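**Q** structure, please.
(2 chains)
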Amino acid sequence: MSVLFHIGRYFLLLRETFGRPERFSLYWSRTVEEMDLLGVKSLGIVALLSAFMGAVITIQTKTNIDSPLIQAWVVGFATRQSTILEFSPTVISLILAGKVGSNIAAEIGSMRVKEQIDALDIMGVNSAGYLILPKIAATMLINPFLIMISMFLSIFGGWLAGVETGVVVSEDFIQGIQAGFKPYHVVYALVKTIVFAFIITTISAYQGYYTKGGTREVGISSTRAVVYSNVVILFANLVLTQALLL
Amino acid sequence: MITVEGLDKSFGDVRILEGIDAIFRKGCVNQIIGRSGSGKSVLAKCMVGLHRPEEGRVLYEGRSFHDMNAEEKRSIRQRIGMLFQGSALFDSLTVIENVMFPLRMFGMMEKEEMRERANSCLKRVRIIDKDHLYPAELSGGMQKRVGIARAIAMNPEYLFCDEPNSGLDPQTAIVIDELIKELTEEFNTTTIVITHDMNSVMETGEHIIFIHKGRKWWEGNRDELLRSDNKELNEFVFASSLMRQVKKAMISNS
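**A** Numbers count the residues shown, from 1 in each chain, chains lettered A, B, ... in the order given. From the prediction side, this is the model:
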């Protein structure tokens, strides 16, 4: 019953969020600010994780397929496929759920407990729309760019680690990342990214928006935002993979 | 004028307000007093539409707020200014941006005009040369005054103040009381102040409503309050020996 209550309230909040904006220009300027806060400021962690993860994927792939029957370029191929299909869109989204999701829930939750959301409502502002819609728009616009950067850096990290450690020759790796490339896989990854961005933002905003109590409850909302976003991302990942790849 | 008719509000099984009837007059400071937990803040939140009552109506100039459609509610809310207990200023905005916020959202003004209007509101509450600071850099009293400046930025017809003196020293509290009274007279607003500060009641109490156990227990003005024989009201208002002495002195003077 409680789950149904939350699902119902989540969709009611979404309906409010997508209500008519009071002033489009104000919403747009907030969207740009949020793109910087939630997207550009996440670039560092995304870049770091991607490069190291790509390096690890390359080395692990090599150690697992070290056989004369398997050609050397397969290492580059496996790194590319793991990165584009799963690592960049899903794992980076899970990381972003931790960073961005907790940020959103804490910010909106603090505004709730300090009566700032009540102040917006009393002014006649659609508080859900004003606070949440720019965040949704921002993450759905900026996250695909973050993920594309992640894909590039992960494959680059894999190449660098592979060549530097001597597990793969540069030519073989480059041949591998070009072999059987399907542009649709990038489309699939970007569709997943956009859906995950929506999930992260709306679930975290929901947790923050309905925070009751004080600072302790803001912390609880923040934790819930991360946990529930991750669970829903994993479920959506399965559904999207079946729907888009099979 | 705001009229409240037969207002009932519960949270779960707990009845908070029961059958509240009241008229809040224009151009005067209407005070709602009562013990902590008596339901006075819930009453104010029902009046501004933050809570929906189970029974009863809140009428703005004769029109029921809760029966209005979303657009009509929004239009009424744009005519309401509210000062919150904790000021509720937006942390990420500077003082001037906080005051300009409702103007940016709804005002059909140019940026310079908005800035001028915000500056005049800040001047009105005696905040000068602080417009670039963030709320966290201001004292509690200053935050309240900025909260008032934001509340009056749109020239509200209805001004709600939730415990405007809480957490303030007596001198600053008096400044805030005087400011609320001046603004009420100047803009002819219907002002509703929720308070349990008895100094404030004695200073500005033109129309007082005492809420006890979720019901309207007593209603009157300051002079009537001094002479009332209502047991619960007297226990609340004259709980301290100082207030009992004030009562004696005021009655003997009059």
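**Q** for chain B, what lies in contact range of chain A?
**A** Listed as neighbours of chain A in chain B under the rule Cβ under 8 Å from any Cβ of the partner chain: B:45, B:48-50, B:73-78, B:80, B:82, B:84-86, B:88-91, B:101-102, B:104-106, B:154, B:160. For the C-beta atoms, the positions are set from N, CA and C on the backbone; glycine is no exception.
**Q** could I get the CA-only coordinates of stretch A:46-61 as PDB?
**A** Once non-C-alpha atoms are left out, stretch A:46-61 reads as follows in PDB (Å, rounded to 0.1, in the frame of the first residue of the first chain):
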ATOM      1  CA  VAL A  46      33.200  11.100 -14.900                       C
ATOM      2  CA  ALA A  47      36.600  11.600 -16.700                       C
ATOM      3  CA  LEU A  48      38.600  10.000 -13.900                       C
ATOM      4  CA  LEU A  49      36.400   7.000 -13.600                       C
ATOM      5  CA  SER A  50      36.100   6.400 -17.300                       C
ATOM      6  CA  ALA A  51      39.800   6.500 -18.000                       C
ATOM      7  CA  PHE A  52      40.600   4.100 -15.200                       C
ATOM      8  CA  MET A  53      37.700   1.800 -15.900                       C
ATOM      9  CA  GLY A  54      38.700   1.600 -19.600                       C
ATOM     10  CA  ALA A  55      42.200   0.800 -18.500                       C
ATOM     11  CA  VAL A  56      41.100  -2.000 -16.200                       C
ATOM     12  CA  ILE A  57      38.700  -3.400 -18.800                       C
ATOM     13  CA  THR A  58      41.500  -3.700 -21.300                       C
ATOM     14  CA  ILE A  59      43.900  -5.400 -19.000                       C
ATOM     15  CA  GLN A  60      41.300  -7.800 -17.600                       C
ATOM     16  CA  THR A  61      40.000  -8.700 -21.100                       C
END
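**Q** check contacts around the closest residue to chain B within chain A.
**A** Taking Cβ to the nearest Cβ as the measure, chain A has residue A:124 as its residue closest to chain B, at 3.5 Å. Counting by Cβ atoms under 8 Å, 6 or more residues apart in numbering or on different chains, residue A:124 makes contact with B:73-78, B:80, B:106.
**Q** number of nearby residues for the closest residue to it other than its chain neighbours?
**A** Closest residue to residue A:124 apart from its sequence neighbours, by Cβ to Cβ, 6 or more residues apart in numbering or on different chains: residue B:77 at 3.5 Å. Neighbours of residue B:77 under the rule other Cβ atoms under 10 Å in any protein chain shown: 21.
**Q** among the residues of chain B next to chain A, which ones are in strands?
**A** B:80, B:82, B:160 (DSSP state E).
**Q** now flag whichever of the residues you listed is closest to chain A.
**A** Taking Cβ to the nearest Cβ as the measure, chain A sits nearest to residue B:82 out of those, at 4.8 Å.
**Q** hmm, residue B:164 and the closest one touching each other?
**A** No. Using Cβ atoms under 8 Å, residue B:82 and residue B:164 do not qualify as a contacting pair, with a distance of 10.6 Å.
**Q** ranges for the strands of the stretch 51-200 of chain B?
**A** Per DSSP state E, counting those that start in this stretch, the stretch 51-200 of chain B has strands spanning B:55-60, B:63-64, B:80-83, B:158-162, B:190-195. These are given in chain order.
**Q** if we can go back for a sec, from the contacts of residue A:124, which land in helices?
**A** In this view, those that belong to helices under DSSP state H are B:73-77, B:106.
**Q** what's the most distant pair in the residues you listed?
**A** Between all members of the ones in helices among the contacts of residue A:124, the longest pairwise span (Cβ to Cβ) is found for B:73 and B:106 and amounts to 14.0 Å.
**Q** for the residue of the stretch 1-150 of chain B found nearest chain A, what are its contacts?
**A** Of all residues in the stretch 1-150 of chain B, residue B:77 sits closest to chain A, at 3.5 Å by Cβ to the nearest Cβ. Contacts for residue B:77 were tallied using Cβ under 8 Å, 6+ apart; they are A:121-124, B:48-49.
**Q** what's the farthest-apart pair in those?
**A** A:123 and B:49 (11.7 Å).
**Q** let me see the ranges of the helices in chain A.
**A** Using DSSP H, helices in chain A cover A:2-17, A:24-34, A:43-64, A:74-82, A:92-96, A:102-113, A:116-123, A:127-165, A:170-178, A:183-209, A:215-245.
**Q** and the ones you listed: which comes nearest residue B:111?
**A** With distances scored as Cβ to Cβ, the stretch of the helices of chain A nearest to residue B:111 is helix A:24-34 (11.4 Å).
**Q** can you tell if that closest one touches chain B?
**A** Yes. Applying Cβ under 8 Å from any Cβ, one finds that helix A:24-34 is in contact with chain B at residue A:26.
**Q** tell me the mean pLDDT for stretch A:110-130?
**A** For stretch A:110-130, the per-residue pLDDT values average out at 93.
**Q** for it, measure first residue to last.
**A** 16 Å (Cα to Cα, to the nearest Å).
**Q** can you give me the buried ones in that stretch?
**A** By 16 or more other Cβ atoms under 10 Å in any protein chain shown, the buried positions in stretch A:110-130 come out as A:110-130.
**Q** hang on, the earlier thing: which among the ones in strands among the residues of chain B next to chain A count as buried?
**A** B:80, B:82, B:160.
**Q** the first one touches residue B:155, doesn't it?
**A** No. The pair residue B:80 and residue B:155 fails to qualify as a contact (Cβ under 8 Å) at a distance of 11.3 Å.
**Q** which regions of chain A sit below the pLDDT cut-off?
**A** Along chain A, the model assigns pLDDT under 70 to residues A:1.
**Q** what of the stretch 101-250 of chain B?
**A** Scanning the stretch 101-250 of chain B for pLDDT under 70 picks out no residues.
**Q** one more time with 80
**A** Using pLDDT under 80 as the threshold, the predicted model of the stretch 101-250 of chain B has low-confidence ranges B:107-108, B:167, B:243, B:246-248, B:250.
**Q** can you flag the buried ones in the residues of chain B next to chain A?
**A** Neighbour counting over the residues of chain B next to chain A (16+ other Cβ under 10 Å) leaves B:45, B:48-50, B:73-74, B:76-78, B:80, B:82, B:84-86, B:88-90, B:101-102, B:104-106, B:154, B:160 as the buried ones.
**Q** can you tell me the closest non-neighbouring residue to the residue nearest the centre of chain A?
**A** Within chain A, one residue has its C-alpha closest to the average C-alpha position: by Cα atoms, centre = their mean, that is residue A:93, at 2.7 Å. On the basis of Cβ to Cβ, 6+ apart, the spatially nearest residue to residue A:93 that is not a chain neighbour turns out to be residue A:196, at 3.8 Å.
**Q** and that neighbour, how many neighbours?
**A** With neighbours defined by other Cβ under 10 Å, the count for residue A:196 comes to 27.
**Q** fine by me, thanks again.
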